[in-house]
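**Q** the following block contains a protein sequence and its predicted model.
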Amino acid sequence: MPKPEKHVFICTQMRPMGHPRGSCSEKGCTPVAEEFWYQMQERNLFGRFAVTSTGCIGPCGVGPNVLVYPEGVMYSGVSKEDVAAIIEEHLLGDTPVERLKAPADVWG
């Protein structure tokens with residue numbers, strides 16, 4: 001497998017209903033993950049980019065969250081409809097999608 005140009009991590013953390021931190025699962029991460037895998041396959045991009053579902057990556061209250069490396073760009077509140085923009089603008093165009101970026105304080 002060649003080294004990917006970028007690696008997309010999609011939080012699929014599942015916590016019990018009512019958990020104080022919430023989870024990306026209860027906020028709808030499954031359709032987001034499915035759309036990434038679908039579009040990556042449809043566009044034949046798996047040779048260039050990697051997509052991995054993962055546990056918690058931080059800001060549970062503003063999920064679903066997607067993290068793109070090597071840039072370290074965190075997207076929050078991502079919906080299935082946002083996936084095409086992330087692929088087109090960020091993965092293929094090298095320009096992060098500003099409207100989806102997580103608040104700066106998620107890293108601090």
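**A** Looks like it arrived, so ask away.
**Q** who is the residue positioned nearest the centre of the chain paired with across the strands?
**A** Centroid check for the chain by CA atoms, centre = their mean gives V66 as the closest residue, at 2.0 Å. On the basis of DSSP bridges, V66 takes part in beta bridges with I10, Y75.
**Q** so it touches A33, yeah?
**A** No. The pair V66 / A33 is not scored as a contact, 9.1 Å apart, by CB atoms under 8 Å. Placement of C-beta: from N, CA and C, glycine included.
**Q** now list whatever residues contact both of the two.
**A** Common neighbours of V66 and A33, using CB atoms under 8 Å, 6 or more residues apart in numbering, are I10.
**Q** measure the residue of the chain most remote from its centre to P59 for me?
**A** In the chain, the greatest distance from the average C-alpha position (CA atoms, centre = their mean) is reached by G18, at 23.3 Å. Distance, G18 to P59, by CB to CB, to the nearest Å: 19 Å.
**Q** just the buried residues of the longest helix along the chain, please?
**A** The longest helix of the chain (DSSP state H) is helix 29-42. By neighbour count, and taking 16 or more other CB atoms under 10 Å as the criterion, the buried residues in helix 29-42 are C29, T30, V32, A33, E35, F36, Q39, M40.
**Q** distance between the next helix or strand after it and the chain's centre?
**A** Taking DSSP states H and E as the definition, the helix or strand that follows helix 29-42 towards the C-terminus is strand 49-54. What separates the centre of strand 49-54 from the centre of its chain is 8 Å, taken as CA atoms, centre = their mean, to the nearest Å.
**Q** what lies in contact with strand 49-54?
**A** For strand 49-54, the external contacting residues (CB under 8 Å, 6+ apart) are 4-13, 33, 36-37, 40, 91.
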